[in-house]
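1. sharing a sequence plus its predicted fold:
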Amino acid sequence: MDRFVRPLLRGTTYTRLLHLWVPMLIVSVWLFVDTSTPWVPALLLVPLGLVPAVRRGEGVQARLLLTPGPEEPGISVTPSASWRDRLRTLLWLELRMALGWVTAMATVWPLMVAYELGKCGWGQAPSGVPLLDRLPANRAYVLLVPLPLLALYGAVVGLGVLVTACARGLLGPSAAERLAALEERTERLLERTRIARELHDSIGHALTVAVVQAGAARAAGDPAFTDRALDAIEETGRAALADLERVLGVLRESERPVSARPTLADADRLLESARASGAKVDAEVTGPVSAVSGPVSREGYRILQEALTNVLRHAGAVPVRVRMAVTDGTLTLEVRNPLPAPIPGPGRGSGLRGIRERAALLGGSARTGPDEGDWRVRAELPLG
């Protein structure tokens, strides 16, 4: 019983009925003009359905009245972008008007029949309704009043479900719109992954530097060294806070353009931070590395940052060789340091995985692991 009554308690049932009745308003206006040509409104829908903006209006109506509440991804609210969309919109308009006629008959007639049966049951003569005008007065007809009302219930609920299914089929996203939605969703997922890597690289680097510097200052017991360590911690912390504020800004305002992220032109900051942490960094740059722009330079900076962070985290203050080169359309980054003990397993940790993911997204490659007594991180990124 609850399942039977539930549609009567849903607002969707009545908004769908309203949506079905709307085309009949146009027909009613036309019938005041000429009752002999009720088919004219359907003919006028032909040029109307070919207007691109009409599809958007129909989509908005369908979402509001047929599927109120959560956003309905199965109904598009964009203008027609192709002739196929225009023809689908035209077919929808004609079908909507046809269903409007059916709805008018399916709702008006059961109410009239129920009314006439009630009159006959109370001993009054019928009002001249076809098929009912010869009914004799009989109180037994009162028992038949629920039957047309049940038919009305079935018609209202059934037609509402039918028009919603037709709307999803004819006003649903085209192949181009589905592809665009998929690309947009992929971009959002990539952006979330990139933000996660940004936070991991930037904040992880800052915390690693702070921990290393604090430990070295405590072990050294030298006020001058402690001052230098505090300066390095302060500088790295400020940079990390700036990165964190920028990333949180992107999360707060998804429509705002992403502000400029650090590039390889800012690599000196990383090298100085590593040197201030006690590492002996030997850097060699070949080719116009600072001129590399766009995603390659930004991701190259993050790869270098993660590689240096791993050195400080796992090996401590050890000699580090950094090689950056631009040759034959490829940016090559290599960071080597003496192997720590114990030797870390290949590819262990989210940082090394993030390096490989960054390189793969740019169509390049990255290799990490022991090499000739050193721990090596080598990434090759195509400049194209």
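-> Looks like it arrived, so ask away. Residues are numbered from 1 along each chain as shown.

2. could you say which helix or strand contains residue 302?
-> helix 295-314 (DSSP states H and E).

3. can I get that helix as CSV, trimmed to CA atoms?
-> Taking C-alpha atoms only, helix 295-314 is exported to CSV below (Å, rounded to 0.1, in the frame of the first residue of the first chain):
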residue,chain,number,x,y,z
PRO,A,295,54.3,22.4,-18.2
VAL,A,296,57.8,20.9,-18.9
SER,A,297,59.5,23.6,-16.8
ARG,A,298,57.0,23.5,-14.0
GLU,A,299,57.0,19.7,-13.7
GLY,A,300,60.8,19.6,-14.1
TYR,A,301,61.0,21.9,-11.0
ARG,A,302,58.8,19.6,-9.0
ILE,A,303,60.8,16.5,-10.1
LEU,A,304,64.0,18.2,-9.0
GLN,A,305,62.4,19.3,-5.7
GLU,A,306,61.2,15.8,-4.9
ALA,A,307,64.6,14.3,-5.8
LEU,A,308,66.5,16.7,-3.5
THR,A,309,63.9,16.1,-0.7
ASN,A,310,64.5,12.4,-1.0
VAL,A,311,68.2,12.9,-0.7
LEU,A,312,67.8,15.0,2.5
ARG,A,313,65.2,12.6,4.0
HIS,A,314,67.0,9.3,3.3
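
4. what are the buried residues along that helix?
-> Neighbour-count burial for helix 295-314, counted by 16 or more other Cβ atoms under 10 Å, picks out 296-314. Backbone N, C-alpha and C define where each C-beta goes, glycine included.

5. repeat that for stretch 371-384.
-> For stretch 371-384, by 16+ other Cβ under 10 Å, it's 374-381, 383.

6. tabulate the residues you listed (JSON lines), appending pLDDT and secondary structure.
-> Shown next, in JSON lines, are those (pLDDT from 0 to 100; DSSP: H, G, I helix; E, B strand; the rest coil):
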{"residue": "374", "pLDDT": "88", "secondary structure": "strand"}
{"residue": "375", "pLDDT": "90", "secondary structure": "strand"}
{"residue": "376", "pLDDT": "92", "secondary structure": "strand"}
{"residue": "377", "pLDDT": "93", "secondary structure": "strand"}
{"residue": "378", "pLDDT": "94", "secondary structure": "strand"}
{"residue": "379", "pLDDT": "93", "secondary structure": "strand"}
{"residue": "380", "pLDDT": "93", "secondary structure": "strand"}
{"residue": "381", "pLDDT": "91", "secondary structure": "strand"}
{"residue": "383", "pLDDT": "85", "secondary structure": "coil"}
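
7. which one of these sits closest to residue 145?
-> residue 381 (79.0 Å; Cβ to Cβ).

8. that closest one pairs with what?
-> Beta-bridge partners recorded for residue 381 (DSSP bridges): residue 331.

9. correct me, but it touches residue 296?
-> Yes: Residue 381 is within contact range of residue 296, at 5.2 Å (criterion: Cβ atoms under 8 Å).

10. which neighbours do the two share?
-> 331, 362 (Cβ atoms under 8 Å, 6 or more residues apart in numbering).

11. tally of neighbours for the nearest residue to residue 277 once chain neighbours are set aside?
-> Of all residues not flanking residue 277 in the chain, residue 212 sits nearest, at 4.7 Å (Cβ to Cβ, 6 or more residues apart in numbering). Around residue 212 there are 23 other residues, counting by other Cβ atoms under 10 Å.

12. need the strands for the stretch 251-384 of the chain, in chain order.
-> 280-286, 319-327, 330-338, 365-371, 374-382 (DSSP state E, counting those that start in this stretch).
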